[in-house]
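Novice: Predicted model and sequence below, questions to follow.
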Amino acid sequence: MAERCGWCGDDPLYVAYHDEEWGVPEYDGRALWEKLILDGFQAGLSWITILRKRDAFREAFEGFDPAVIAGWGEPEVARLLENPGIIRHRGKIEATIGNARAYLDMGGAAPFSERMWGYVGGAPIVNSFASLAEVPASTPLSEQVSKDLRKAGFRFVGPTIVYAWMQACGLVNDHITGCPARRV
């Protein structure tokens, strides 16, 4: 019997995320940006924490509309710091506002998607790891993407965050070889 990637355990929310979302290629630029922001909020925490709060994040951040968020300032930061439904971290909240501005400076959804997918030639990189122990935390490619995003004004986009995001968005397929959710 095939076994799914062990990182998701048996929590139904985590299993559904693993089976239906993680590693599925995402081409919508706005959705890619949202997932990058959520991966930034995950830094130092477990992903299940973010999944459990994802709906609250979407509500608090106006559906992750970069055009709205880019116009925010201290009043919105203060409001978000009072919201118990999200991760209340000033640096990550302020980075989200700056990242919205950087995203818009890149041209928005289509240019962002094209640029991110350009790193992998428009199609997922399919790795063939037999166990989770073989999966790297970052790669030279995630280091390059991280560097380029930081140069464009993004924050909370280190190589490990970027690699996790690339996996989540299907730019990289790191489902272990025996996983039933592996799509190749």
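Specialist: Perfect, I can see it now.

Novice: Against Ala31, how distant is Ala109?
Specialist: 9 Å (Cβ to Cβ, to the nearest Å). The C-beta positions use only the backbone N, C-alpha and C, and glycine is treated the same way.

Novice: neighbour count winner among the two?
Specialist: Ala109 (18 against 14; other Cβ atoms under 10 Å).

Novice: Against Cys5, how distant is Ala133?
Specialist: Ala133 sits 12 Å away from Cys5, going by Cβ to Cβ.

Novice: what about the two, which has more around it?
Specialist: Using other Cβ under 10 Å as the criterion, Ala133 and Cys5 rank with Cys5 on top: 23 against 8.

Novice: show me what contacts the more buried one?
Specialist: His18, Leu132, Asp174, His175, Ile176, Cys179, Ala181 (Cβ atoms under 8 Å, 6 or more residues apart in numbering).

Novice: Where does the last one sit, in terms of helix or strand?
Specialist: Pointing back at Ala181 there. Here Ala181 sits in a region with no helix or strand, counting by DSSP states H and E.

Novice: so how many other residues sit close to it?
Specialist: Ala181, neighbours per other Cβ under 10 Å, totals 19.

Novice: Show me the strands in this structure, by range?
Specialist: Along the chain, the segments classed as strands by DSSP state E run 125-126, 172-173.

Novice: Identify each buried residue in the lengthiest helix in the chain, please.
Specialist: For the chain, the longest helix by residue count, based on DSSP state H, is helix 90-105. Within helix 90-105, the residues that count as buried by 16 or more other Cβ atoms under 10 Å are Lys92, Ile93, Glu94, Ala95, Thr96, Ile97, Asn99, Ala100, Arg101, Ala102, Tyr103, Leu104.

Novice: between these, which is closest to Pro84?
Specialist: When these are compared for distance to Pro84 (Cβ to Cβ), Ile93 wins out at 13.8 Å.

Novice: shouldn't the closest one be in contact with Leu81?
Specialist: Yes: with contact defined as Cβ atoms under 8 Å, Ile93 counts as touching Leu81 (6.8 Å).

Novice: and Ala109, what does it touch?
Specialist: With Cβ under 8 Å, 6+ apart, Ala109 has these contacts: Asp28, Gly29, Arg30, Trp33.
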